[in-house]
Structure formats: structure tokens, C-alpha cells
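Enquirer: only geometry, no sequence info:
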């Protein structure tokens, strides 16, 4: 287990299906109170105040007996939402709420019944036909909206499989084709590579939305204030991104300093007859690295750079603790100007906020050494791109290495693509097999924490 | 010292792709009277007896028997860089000519390049760059992934100065470090970088996600990595070579890469350099090659030049030679 990914902080809650009696039909656990309906998954009655593995309380069993024979189990959550939400066709919400929602004990059950249980009520499910049970099983998991599975922009197939263990995945297409039914099922949106776009219209159409679980740490693509106004929480994945992003920062710094990409081109070019001995790069070891933004990622960059005997300066909203500074040999620069003037490499590791937008502009670039390199692993908009083009063309700075631009990708005629003292990578800071998996796990843990009313590992608040 | 002539030192040429750097000439001329190969050939009778040293910058001028025979007062050949596999040490010794190299100054840059190659290969940096700038790119696909360096296992073959510096750097990436060497390092040295000794190279090859070659080229290390060794490596492993091209059986490497016996290779060195333009290694997608730039930084090359100057001065004066290479 790599440190910085403390298992406890986002360990997934244990699966809760153990302990249920086996199904008669072999399709999974059966509700002990309902020999007729062969239900699998979670039930509101069972969930009320208890885990799936528990035997229902006497009170719940009594109510179950009351309700036995009814095709549609009312949704405790629905009952709770009855106060505000419209009843669904085919269910008697009022009666359900009066049985379940009434009284303090009832309210307690309703409240607990919210714990990660999805809507069990099935519209007009009078007939308890068997294919429906398979559907019911999936539907009883909390509904999570995603853009798509697979393809070039969808959630990766293996991540979808991970998500499906905990959630009923609803693609945007499925949602749009069946808004009325799907909209109430959706309790969360899993945002992957900034998709789907969370706008007011979407939020208004998802009455039971509790949380936007973002894959990745940056949330500059989300309108936090607007989302919050709907009572919806936002979570990100700071732990999973830190190592791979710090690695890319180091990779870019080394590749730029040693002219690696150019070198590869020479090595394979059909025109190459000899390797010139006067073809030189600049040193990384013992050079000065200025880190702007010393959060988790910035600190991990410092840890790596220290092993290269680099002199490390950093600029941050707040100074780090002395022990933290000493552990990596980092010197605080309260004024960013001091950092810019002294650094051979300037690395941007801030998040994008109104304060950091265009943090690096013409003035900052001209403060940098003419032999310096600018590395950006934060967000494209942190740099004034036009000023950067000019600075690189006029050799105000030596070079730049960017994993991020604005937009991504850049228009194909953008001047940045034509310069020979720049490396651009296609936003691959977390593009590793391991990181993608860990981000999904971290997002899942955050979503489940919100839905289960547990402490949320990485909630993001609007300013 | 006035009136006393500066010692005559033979160089290949100044400037251009292969010559002594123009901005080094000023320093050198303070200490030596530089004679280019061209000047020497034009005036052999006068100059041959005056030349006391050869400043060999990137293997030039080539020193052979003929040249040695015509330079009766040659005391020392100072060679740039750490590798001396291009020199016939016995031949030089038979003429009573001493040899020096520049061993330690190249270490950090070469270790840095080893790390650069490992990161670039693992994160598919060159491919990514090509995608980012390609005129055909419309969007960046979400399923385009590399592999993580942090937390992976690095096997260092050859734990000399350069290998050890690689270990120091890799440790900061929380890599698990294995090493194979002629002899085991001291316990304190091992624990400082968390390196585990593998007496048998096979053990290292079987466990590593990255295998980095940092040996020098000797008859013992010639084709150290061949078909057998490549097959012992994990199919998801990457071979990184910052030593010498001949340490790897290149044909076996081509085959291994084509058949995905290993995942990828990243080579700063090949045999020959450059490779013939139709060589299969140049066509493989899972290879990155750099043009032998392990020590190619301004600062390092400057210090190399200064060290060579020192060695030549000591050699001519008959004093102990810094960085002498013994046969």
C-alpha cells in the first residue's frame, strides 16, 4: 500500500449480502417475510435500521406481514420524499408513509432506510415475474448516472464493472430515453473526464440527486455554488491522483531539460548520419526547482526532486510546517516573484480557482530566468497562453513543458504547436492503469459515504 | 614561465559536429598550444616531436599504432567521458602512454537520463507528445493509458557510481529496488537506498518491472542481456540501457520487442551509433532511442574539459594523474 493512500481514509464499506437465506429458485437471497416474491438485493423493510445480513426486527416483520401480498414495496425514501416529492404511479405513497413514516420511531426507520438503499418500489409491479427480479436486483442498488460506457469518451469498461458492484449504472442515453422513470432513481453522478456536464437543467431533473462523485482532483469544471444550491454534495479523488501526477511533473521536467523528444526524433530520423557531440541539454541535478502550489501533489514533486539534489523553493497560500519543509529541504517564498527569479525550473501545481487563473502572465514570465523552464501540471488556464507563446518565441524563457492547455486539445493551428522549445502531453497526469482504477475506487467510496450518511473522505465545498 | 612554450596537445578539430567546443577553446588555450589533426598532417616533421598529449574528445582523434609510432614524445591520452571500451589500453601501455577518463562527473547526468527514459517510456511521453501536436488529433481519448513508475520494482544491473545514483533517485519514487553487481555493496549503502542484492541476475530479471543497465562494457558484460535474459523478464517489463549498446544482444532485443516478450525498451546507447537507417529498432513502436546524450549538458561537458586539462598537465609533468585508467 503506497503511503498517502491510507486505506482507512476511503476503504469501501463491506458488502452486505451475507447472511440472507438462500433463494428457493437459486436466484439469490429471498425475503423471509415474503415467500411469494423472490426478491434479491436490498429491501426497504429489511434495510430499515438494519443491514441486509440482519434478521428483521419484530416491528419490521409485523409491518412486513401487514404489507404481504402487496406487489409494490413502498420506498422508505420515497415516503420520506413524500412530503416534497410527487408520488409515483402505482404506489400508495400516503399509505406507505403513514405506516412507515409516522411517528418518531417511524421517522428513524425512514431515516435509516435512506442508507444507500435505492428505490424499491416498482411501478405497477403487480405481477412478480421472474425477469423483473433480475432487473429489480440491479435497480435496488443506488442509481448512478454516467455519460456512457466504453468508446472514446465513456467510462472505461473495467471501471464500469467496478461501479456496477455498488451501483445501478444509468447511462445518459438510458436516462434521456426514460427520464420519468430514471430521474428519480439517480442518487449520484459519476463524473469521468469532466463528463457528463453538470448544468442547471440536469440538476433540476434529478430530484433525488445527493452527490456528484468526480473522478480526479480538479473540480474547476463544476459550478460548485450552483450544485450546492441544489443540496447536492461534490466529492473528488485527491489521494489517487497525487503520485502519478507528481511523476508526470518529473517526467516533463527531465524530458524538457534533456531534450528527450528532440533527441528521439534525431535518433530515428532518416536524415541522421552522425550524432553531433555539441548537442546539449541542461542539468536537472543540483538545479533550482520552484514549486508553485505545495499541496499533496506539489509536496510529492518536492520529495522526488530532493533525490536529484535539487534546491527547492515553493510558493503557497500558506507556509508548510517546519518539519514538512525540512523533510524535503524546501524554502518558502512568500513572494512568488522571488521564486520566479531564482528558479531554473518553475512547476505549477495549483488548483484552478479565480485567484489562480492567469497566475503566470507576461510579468511573471519576464521575471523568470532566460534559461528557465516552465512546467504545467495544474490547469491550462493558470497560464496566460498568449503571453507564453510570446515568451517562448522571444526566448524570454528557455522552454515549456505542458501536460495541460486551454482548451484540450489545442486548435490545430495554435502557435504553441509550432514551437520547438515546448513539449505538450495530452493531459496524462493520471493516465495510468493503476491510477484510473484507484480514482474510481476513491470516487465510489466517497459516493457511498454520502449515500450512507457516513463521514465523507473528500468533499469539496464552494468558497 | 614567460617565454616557455605551452605544451603541444593534439585535437581532432574545433567546432562542427565532432570538434572541441568553441567555447572551451579559450580555457584550453590558456594551458596548451592546440594542434588540430589537419595542422599536424600538414606539418608532421616539425610537430610530431612536440606533441606531448592527445585531447580525445568523443573518440576523436582515433588513436592507432601508426599515430602512436609517429608521436615519440606522447605522454598521455585524455579521453572524455567514463567509457574506455573504444581504447586499446594494452596498445597504449606498450608505447608507455598513460590514459585518463572523466569518471565521476558524468554520473549524475547519466543517472538523470536513466530516470528520464524510464518515466518517458512508462508514461508514453513521446507518443503522447505526438498525439498532442498531430494535425489529425480531434480529442484526447479517455482509454489511452501508461503504467505507473511510483511503487514499481526497478532492477539495476551494475551498481557502480551511476547505478547507485539511479537508486537514490528511484527511492524517492517509492520504487522497490533490486540490484545485481559483481560484488555486493556495503550494508549501509544498501539501506540508504533500500536496495536488495540479487546474486543471480535471473532473480532480478524475473521480479523487475524496469530493468536498467548501468554496467561498463567489458568482455564479461558483452551481450549480457540476450534471448535468455529477455525471456526471464516479465512480459510487462521495460528494458532501459544507459551503458553501452553491446551490452545487449540487439537482434535478440528486436525479436523480444516484436513478439512482446517484453513490453518496451528505452535506449540511450546502441551499436553502432547511430543505427543504420533501416534498422528494425527504429521502426518499433515500443522503443524510444536517444542519441547517446547521457552526459550531454553544458555544465558537465565543461567540467569534463577541465578535468581532462588537469589530467594532461599532470601527465606531462610526470605527476600522479587524476582519473588515470590502468590497463
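Expert: Here it is on my side, so go on. Keep in mind that this is a model prediction, so the values were computed, not measured.

Enquirer: what's near enough to touch the closest residue to residue B:309 other than its chain neighbours?
Expert: Among residues not flanking residue B:309 along the chain, residue B:31 sits closest, at 5.6 Å (CB to CB, 6 or more residues apart in numbering or on different chains). Glycine gets a C-beta too; all of them are placed from N, C-alpha and C. Counting by CB atoms under 8 Å, 6 or more residues apart in numbering or on different chains, residue B:31 touches B:6, B:7, B:309, B:312, B:313.

Enquirer: By neighbours, which of those residues wins?
Expert: Neighbour counts for the contacts of residue B:31 (other CB atoms under 10 Å in any protein chain shown) peak at residue B:312, which has 26 neighbours.

Enquirer: what sits up against the helix or strand harbouring that residue?
Expert: Per DSSP states H and E: residue B:312 is located in helix B:298-317. Here helix B:298-317 makes contact (CB under 8 Å, 6+ apart) with A:280, A:282-283, B:7, B:9, B:21, B:24, B:27-28, B:31-32, B:52-53, B:55, B:75-76, B:78-81, B:98, B:100, B:102, B:105-106, B:108-109, B:295, B:320-324.

Enquirer: in that helix, what's buried?
Expert: In terms of neighbour count (16 or more other CB atoms under 10 Å in any protein chain shown), helix B:298-317 has its buried residues at B:299-316.

Enquirer: who does the helix or strand that it is followed by pair up with?
Expert: Later in the chain than helix B:298-317, the nearest helix or strand by DSSP H and E is strand B:324-325. In the sheet containing strand B:324-325, its partner strands are strand B:98-100 (antiparallel), by DSSP bridges.

Enquirer: Show me how far the next helix-or-strand element following the strand it pairs with is from its chain's centre.
Expert: Using DSSP H and E, the next helix or strand after strand B:98-100 towards the C-terminus is helix B:107-122. Centre-to-centre, helix B:107-122 and its host chain are 12 Å apart (CA atoms, centre = their mean, to the nearest Å).

Enquirer: picking up where we left off before, and the gap between the residue nearest to residue B:309 and chain A?
Expert: Noted for residue B:31: a distance of 21 Å to chain A, by CB to the nearest CB, to the nearest Å.

Enquirer: Stretch B:225-245 near chain A anywhere?
Expert: No - Stretch B:225-245 does not reach chain A (CB under 8 Å from any CB of the partner chain); its nearest approach is 9.9 Å.

Enquirer: buried stuff in that stretch?
Expert: Buried, per 16+ other CB under 10 Å, within stretch B:225-245: B:225, B:229-230, B:232-234, B:237-245.

Enquirer: Which of these fall in helices?
Expert: B:229, B:230, B:232 (DSSP state H).

Enquirer: Please, which helix or strand holds the residue nearest to the second one when sequence neighbours are not counted?
Expert: So the one you mean is residue B:230. Distances taken as CB to CB, 6+ apart put residue B:256 closest to residue B:230, at 4.1 Å, once the chain neighbours are dropped. Element membership of residue B:256, judged by DSSP H and E, is helix B:250-258.

Enquirer: which residues touch whichever residue of the stretch 151-300 of chain B sits closest to chain A?
Expert: Proximity to chain A, evaluated over the stretch 151-300 of chain B using CB to the nearest CB, is greatest for residue B:172 at 3.5 Å. Neighbouring residues of residue B:172 by CB under 8 Å, 6+ apart: A:303, A:304, A:305, A:306, A:307.

Enquirer: Please tell me the pLDDT value assigned to it.
Expert: If you check residue B:172, the pLDDT there is 98.

Enquirer: can you tell me which residues contact the closest residue to it other than its chain neighbours?
Expert: Excluding the flanking residues, the one nearest residue B:172 by CB to CB, 6+ apart is residue A:307, at 3.5 Å. Residue A:307 makes contact with B:168, B:169, B:170, B:171, B:172, according to CB under 8 Å, 6+ apart.

Enquirer: Over to residue B:75?
Expert: Counted by CB under 8 Å, 6+ apart, residue B:75 has contacts B:52, B:53, B:97, B:98, B:315, B:316, B:318.

Enquirer: Swap in 10 Å and give it another go.
Expert: B:7, B:51-54, B:96-98, B:312, B:314-318, B:321 (CB atoms under 10 Å, 6 or more residues apart in numbering or on different chains).

Enquirer: What sits closest to it if chain neighbours are left out?
Expert: residue B:315 (4.9 Å).

Enquirer: mind listing the strands for the stretch 101-250 of chain B?
Expert: B:153-157, B:176-180, B:195-197, B:210-213, B:238-241 (DSSP state E, counting those that start in this stretch).

Enquirer: Redo these as a markdown table? Include distance to residue B:274 and mean pLDDT.
Expert: Shown next, in a markdown table, are the strands of the stretch 101-250 of chain B (distance: least, CB to CB, whole Å; pLDDT from 0 to 100):
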| stretch | distance to residue B:274 | mean pLDDT |
| --- | --- | --- |
| strand B:153-157 | 24 | 98 |
| strand B:176-180 | 29 | 98 |
| strand B:195-197 | 34 | 98 |
| strand B:210-213 | 19 | 98 |
| strand B:238-241 | 15 | 98 |
